[in-house]
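**Student:** Just need the structure, nothing else, for what follows:
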Amino acid sequence: MIKKQKWFPLLFFCFISSFAYADFMSVNADQAFLHEAPSGSTKKSFIVTKGYPLEVIVSLKEWKKVKDHEGLINWIKTSDLSSKRTVLNLKGDNPIYLEPSSASPILAKVNENVTLELLDAKKIDDWVKVYSKVGDIEGFIKATDLWGIK
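**Tutor:** Residues are numbered from 1 along each chain as shown. Below you'll find the model as predicted:
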């Protein structure tokens, strides 16, 4: 009994830590259904399109329980996801800068709810490096204006 009590905090920490460091993935299919439960026969809640970022909170072999930028939780087929990182812009006319500074030249402005490829998840003073297919632009944007990065 004493050995089990000694191991309990370690097991508890391991269980909690798997949720503390959730992964983000992006939709790989042109259109993918979000389901209420991990089964194709359950009600389809939403359709998401290619590149949309989702936070994975539970992983099963063929299904992932995911959360979207509005906090809604659903299930998606693992085969519809990619490990390629994308982020969702939450701010209208959000500038992408040449360097990680608002004093740097603006390369483009991004509309709200547009997905961008995350080139580097490492933040530089709350800036992240992104890529926009529209205009073939690579630059920096404020991480606080994005969803899909912690």
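
**Student:** dump the residue contacts of Trp85.
**Tutor:** Not Trp; residue 85 is Arg. Applying Cβ atoms under 8 Å, 6 or more residues apart in numbering, we find Arg85 in contact with Phe24, Met25, Ser26, Pro53, Glu117, Leu118, Ala121, Gly148, Ile149. Quick note: C-beta positions are derived from backbone N, CA and C, even for glycine.

**Student:** End to end on stretch 43-57, go ahead and measure it.
**Tutor:** 20 Å (Cα to Cα, to the nearest Å).

**Student:** Let's test this: mean pLDDT of that stretch, rounded?
**Tutor:** Averaging pLDDT along stretch 43-57 gives 96.

**Student:** on that earlier part again, which members of the contacts of Arg85 are classed as buried?
**Tutor:** Phe24, Met25, Ser26, Pro53, Glu117, Leu118, Gly148, Ile149 (16 or more other Cβ atoms under 10 Å).

**Student:** Take those and keep only those in strands.
**Tutor:** When DSSP state E is applied, the buried ones among the contacts of Arg85 are split such that Phe24, Met25, Ser26, Pro53, Glu117, Leu118 fall in strands.

**Student:** which residues sit in contact with the fifth one?
**Tutor:** With contact taken as Cβ under 8 Å, 6+ apart, Glu117 is in contact with Gly51, Lys84, Arg85, Thr86, Val130, Tyr131, Ser132, Lys133.

**Student:** Okay then, goodbye and thanks.
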